[in-house]
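Participant: Okay, predicted coordinates and the sequence, questions at the end:
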Amino acid sequence: MLDLRYVVDHIDEVRAALSRRNPQTAASLDAITELAAQRRETISAVERKAAERNNANKEMSKLPKQSPEFIERREKLRIVSDEIKGLEKRKDEIESEISEILLGIPNLPDASTPTGSSEQDNPVIRTWGEKPLFDFEPKAHWDIGPALGIIDFERAAKLSGPRFAVMMGLGARLERALTTFMLDLAREHGYLEVLPPFLVKDTALRGTGQLPKFEQDLFKTRKSEVDESYDLFLIPTAEVPLTNLHANEILESSQLPLAYAAYTPCFRSEAGSYGKDVRGLIRQHQFDKVELVRFCTPEDSPSQHELLTSHAEQVLQRLGLHYRVITLCTGDLGFSANKTYDIEVWLPGLQAYREISSCSNFGDFQARRASIRYRDPQTKKPKLLHTLNGSGLAVGRTVVAVLEQFQCKDGSVRVPDALRPYLGVDRIASR
RNA sequence: GGAGGAGUGGCCGAGUGGUCGAAGGCAGCGGUUUUGAAAACCGCCGUACCGCAAGGUACCGGGGGUUCGAAUCCCUUCUCCUCCGCCA
């Protein structure tokens, strides 16, 4: 969420920044200046009346009860009190109108985020490793996995419908080995391992920015037919519980930067992605991910962003998987982020680079929504901190990359050295 | 699921209709004293919003209500604790 005061004071600048994302986004700003003025006036009016009432009440307390003067004043104050209630109601209406608008406005892109309208405009900033060469036609993982008996899409469909997979044998163990490997590496990089709840309240999703705008992307639960008040959401990413860990807190600056890593399954409805990535593990309703989240001071967030991205890259480097890093342009940038690097791994079966990690700086956007602050050592006052997160990595897509980049002519898959201690074998072959 | 009890500032804890944004203690910060340290003493010590400022307003788990006036009374909801039941 953007700061109302900042938006009103810098309306042209904000409008210009939002237009870089999309010309339409800026239009939601139109009503805000007028509403902010109304809000001020109403608050002043409420407070003037309240001060009047409070003073009068102090005098009332000195008066003998049931004296004529007491009764007379009570009648007058009853009217004042009703006026205050009316004005407060008006104030609440204006404020909820404002926050409704503000909650729907995306973050301002950072100056270093390139302008562009789609993923075509995302510049590649670096590449690591090289495309593996094959003396045969490399297969896609949806052929490799089932052939090895380690991924079963058909039985998954029987259980849960499309966009699910069953991992079996070394497939299941590969998934678990990768997860453990990633968590161990994260710990090496100084992250505190966390195992959070996988179901969260709407307030948590509001804090990170998935709600109120993107409810259609989520799975929502209900405890029973009768209890409709119990609506928890399945987390779409561990970013949600991890970032909201410190919602409504004031941290000490000595605690920063904070770094958390968590493995969780992630659940996404993938509404609106019909016909996209319908085959294979790339786009599932449920997938495993190790997520890295950092909290830091505003001054530190650009360098923390680079650091976080390097941590995610090191997972791929240790596995020996070829990838490239791109900067998302304004047209492709997520709602809450001001800058994002996507790490794209090479998938020889698909002959394409595919996102395996997304590392974002959110500035104070999420911190304002979730009210996460730290005490500024200079001013001693609470101040919004900055949040960042990145996948380290999407485990399902890492399985895909391992299967495709390390596939052999005989249909087996070589296990990367770094993973052998975790998996216990050096090759995945059909039995 | 049933029966009770409790939620007050960073922490502990007083407060049961007005003078309470809230006693007292601890922690923290600044100072006096001291060769230094400790102790003692003095002062400061929540957050947000409105306002150029002076100042004002709101907040005692959340929401709603009663009242001229609510931390205090009523309703509702959440969380925690104890006992019983059930359960991986």
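Facilitator: Structure's in. What do you need?

Participant: Going by C-alpha atoms from here, please, whenever you check contacts or count neighbours.
Facilitator: OK.

Participant: ok, A:Glu119 - how many residues close by?
Facilitator: For A:Glu119, the count of nearby residues is 15 (other Cα atoms under 10 Å).

Participant: so the one residue in chain A that gets nearest to RNA strand B is in which element?
Facilitator: Using Cα to the nearest atom of the strand, the closest approach of chain A to RNA strand B is made by A:Ala51 at 3.3 Å. Assigned by DSSP states H and E, A:Ala51 belongs to helix A:32-60.

Participant: buried residues in that helix?
Facilitator: Across helix A:32-60, burial judged by 16 or more other Cα atoms under 10 Å covers A:32-33, A:35-36, A:38-39, A:42-43, A:46, A:49-50, A:53, A:60.

Participant: Could you tell me how far it lies from the centre of the chain?
Facilitator: 38 Å (Cα atoms, centre = their mean, to the nearest Å).

Participant: Past that helix, which element shows up next along the chain?
Facilitator: Next along from helix A:32-60, by DSSP H and E: helix A:68-103.

Participant: Which parts of that following helix count as buried, going by neighbours?
Facilitator: Going by 16+ other Cα under 10 Å, helix A:68-103 has these buried residues: A:70, A:74, A:77, A:80, A:84, A:87-88, A:90-91, A:94-95, A:98, A:101-103.

Participant: Show me what the helix or strand of chain A with the lowest mean pLDDT pairs with in its sheet, parallel or antiparallel.
Facilitator: Lowest by mean pLDDT, DSSP states H and E among the helices and strands of chain A is strand A:249-252, with a mean of 85. Strand A:249-252 pairs in its sheet with strand A:372-375 (parallel), by DSSP bridges.

Participant: Show the average pLDDT along the strand it pairs with.
Facilitator: Across strand A:372-375, pLDDT averages out at 88.

Participant: Am I right that A:Leu108 is in contact with A:Ala17?
Facilitator: Yes - if you go by Cα atoms under 8 Å, A:Leu108 and A:Ala17 touch, sitting 5.9 Å apart.

Participant: and chain A, which of its residues are near RNA strand B?
Facilitator: A:5, A:40, A:43-44, A:46-48, A:50-55, A:57-58, A:60-61, A:65, A:74-75, A:77-78, A:81, A:380-383 (Cα under 7 Å from any atom of the strand).

Participant: In terms of neighbours, single out the busier of A:Leu108 and A:Ala17.
Facilitator: Ranked by neighbour count (other Cα under 10 Å), A:Leu108 and A:Ala17 place A:Leu108 first, with 27 against 20.

Participant: Against A:Trp142, how distant is that one?
Facilitator: A:Leu108 sits 39 Å away from A:Trp142, going by Cα to Cα, to the nearest Å.

Participant: number of nearby residues for A:Leu403?
Facilitator: 26.

Participant: make that A:Gly209, sorry
Facilitator: Neighbours around A:Gly209, by other Cα under 10 Å: 26.

Participant: Not counting its neighbours along the chain, what's nearest it?
Facilitator: Distance criterion Cα to Cα, 6 or more residues apart in numbering; nearest residue to A:Gly209, sequence neighbours excluded, is A:Ser336 at 6.0 Å.

Participant: what number of residues lie near the one you found?
Facilitator: Neighbours around A:Ser336, by other Cα under 10 Å: 22.

Participant: same check, this time on A:Val325
Facilitator: 23.

Participant: Was I right to think it contacts A:Glu306?
Facilitator: No - counting by Cα under 8 Å, A:Val325 does not reach A:Glu306; the two are 11.6 Å apart.

Participant: Quick check: A:Ala262 is in a helix.
Facilitator: No - the assignment for A:Ala262, made by DSSP: H, G, I helix; E, B strand; the rest coil, is strand rather than a helix.

Participant: Can you tell me how far it is from A:Gly171?
Facilitator: Using Cα to Cα, one gets 21 Å for the distance from A:Ala262 to A:Gly171.

Participant: So which of these two has more stuff around it?
Facilitator: Using other Cα under 10 Å, the more surrounded residue of A:Ala262 and A:Gly171 is A:Ala262, with 27 against 20.

Participant: Give the closest residue to that one in space, chain neighbours not counted.
Facilitator: With sequence-adjacent residues excluded and distances taken as Cα to Cα, 6+ apart, A:Ala262 is closest to A:Val194, at 4.9 Å.

Participant: ok, now which ones touch the residue nearest to A:His322 when sequence neighbours are not counted?
Facilitator: Among residues not flanking A:His322 along the chain, A:Gly129 sits closest, at 4.7 Å (Cα to Cα, 6+ apart). Contacts for A:Gly129 (Cα atoms under 8 Å, 6 or more residues apart in numbering) come out as A:320-323.

Participant: Out of those residues, which two sit at the greatest distance?
Facilitator: Longest distance between any two of those is 9.4 Å, between A:Gly320 and A:Tyr323; criterion Cα to Cα.

Participant: The two - which one has more neighbours?
Facilitator: Counted by other Cα under 10 Å, A:Gly320 and A:Tyr323 do not tie: A:Tyr323 has more neighbours, with 24 against 18.

Participant: Tell me the pLDDT of that one.
Facilitator: A:Tyr323 is assigned a predicted lDDT (pLDDT) of 98.

Participant: A:Lys223 too?
Facilitator: Looking at A:Lys223, the pLDDT reads 67.

Participant: can you check A:Lys276 too?
Facilitator: At A:Lys276, pLDDT is 85.

Participant: before we move on, what about A:Gly116?
Facilitator: Value listed for A:Gly116 in the pLDDT field: 95.

Participant: A:Leu316 against A:His322, yeah?
Facilitator: Yes - A:Leu316 is within contact range of A:His322, at 7.4 Å (criterion: Cα under 8 Å).
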